[in-house]
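J.: Give me a 3D structure for the following:
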Amino acid sequence: EIRSFLLDTSVLARMSAPLCSAVTGRPDAKVILDRLDRSNLFVVALDERRGWYRYHHLFAEVLRARLADGPPDHVVDLHRAASTWWEADGDRAEAIRHSLAAGDVERAAELIELSVPHLREARLDGTLRGWMDALPEWVFADRPVLNLGRVGSRMVTSETEGVSAMLDDVEAWLEPDAPSGDMVVHDHVELA
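T.: Numbering: from 1, shown residues only. Predicted coordinates for the structure are as follows:
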């Protein structure tokens, strides 16, 4: 019981009872976390109220290695559950991290698209760039918002190679019937 809980929650960088319940499907996560905390079993409290914990780094590595020996689909399911919980809790960064870990690039792309305005406003271009680089090229094909975010994250670092082609892809997506190379006018804004 405890071993299974430890393995399943090892995918989490930090954990709370509600998050652990969502990931493991166990309603007694609070009881188990309290027991682990009282027994000093490699958990570190992250706040005074003891609502958030993390595993000791070396212990977490051992647990993740053991978990990786099991069925790969199980690990994917754990990350998907964590992503869903974090999104509902309002932490898109963690939701994206777990979506990427699950290999669910479609969901990660959707979450990144929703995050682009905030990341640009907060000047978190490095974070945005890291997420963009983690996505396979094919995921950008039908996502102009994602492509524009990628363009912005590259322009901030003065990396202009390939940006023109990305912008052409966005323009083609916005005006699929327009002949290529022609000037397209949108509400008094010219796109070349």
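
J.: how about the residue positioned nearest the centre of the chain, what does it touch?
T.: Nearest to the mean C-alpha position of the chain, counting by CA atoms, centre = their mean, stands Ile96 at 1.1 Å. Applying CB atoms under 8 Å, 6 or more residues apart in numbering, one finds that Ile96 lies in contact with Ser83, Ala108, Leu111, Ile112, Ser115, Trp131. (Glycine included, C-beta is placed from N, CA and C.)

J.: In three-state terms, label it for me.
T.: helix (DSSP: H, G, I helix; E, B strand; the rest coil).

J.: With pLDDT, secondary structure and distance to Arg123 added, can I get the contacts of Ile96 in JSON lines?
T.: Below are the contacts of Ile96 laid out as JSON lines (pLDDT from 0 to 100; DSSP: H, G, I helix; E, B strand; the rest coil; distance: CB to CB, whole Å):
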{"residue": "Ser83", "pLDDT": "97", "secondary structure": "helix", "distance to Arg123": "25"}
{"residue": "Ala108", "pLDDT": "95", "secondary structure": "helix", "distance to Arg123": "22"}
{"residue": "Leu111", "pLDDT": "95", "secondary structure": "helix", "distance to Arg123": "19"}
{"residue": "Ile112", "pLDDT": "92", "secondary structure": "helix", "distance to Arg123": "16"}
{"residue": "Ser115", "pLDDT": "89", "secondary structure": "helix", "distance to Arg123": "13"}
{"residue": "Trp131", "pLDDT": "89", "secondary structure": "helix", "distance to Arg123": "15"}
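
J.: Just name the closest of the residues you listed to Pro144, please.
T.: Ile112 (13.2 Å; CB to CB).

J.: Not counting its neighbours along the chain, what's nearest that closest one?
T.: Spatial nearest neighbour of Ile112, excluding adjacent residues (CB to CB, 6 or more residues apart in numbering): Trp131 at 5.1 Å.

J.: Now for that neighbour, how many residues are close by?
T.: 26 (other CB atoms under 10 Å).

J.: now Phe27: how far from Glu106?
T.: Quick fix: residue 27 is Pro, not Phe. Relative to Glu106, Pro27 is positioned 30 Å away (CB to CB, to the nearest Å).

J.: Val75 now?
T.: Taking CB to CB, one finds Val75 at 18 Å from Glu106.

J.: Can you pick out the residue with more neighbours from these two?
T.: Val75 (20 against 11).

J.: The more buried one contacts Arg66, correct?
T.: No. In this structure, Val75 is not within contact of Arg66 by CB atoms under 8 Å, at 11.1 Å.

J.: list the buried ones in stretch 86-99?
T.: Within stretch 86-99, the residues that qualify as buried are Trp86, Glu87, Arg92, Glu94, Ala95, Ile96, Arg97, His98, Ser99, counting by 16 or more other CB atoms under 10 Å.

J.: which one of these sits closest to Ser10?
T.: Taking the buried residues of stretch 86-99 together and measuring to Ser10 by CB to CB, the closest member is His98, at 12.9 Å.

J.: wait, what's in contact with the closest one?
T.: His98 touches Val11, His79, Arg80, Ala82, Ser83, Trp86, counting by CB under 8 Å, 6+ apart.
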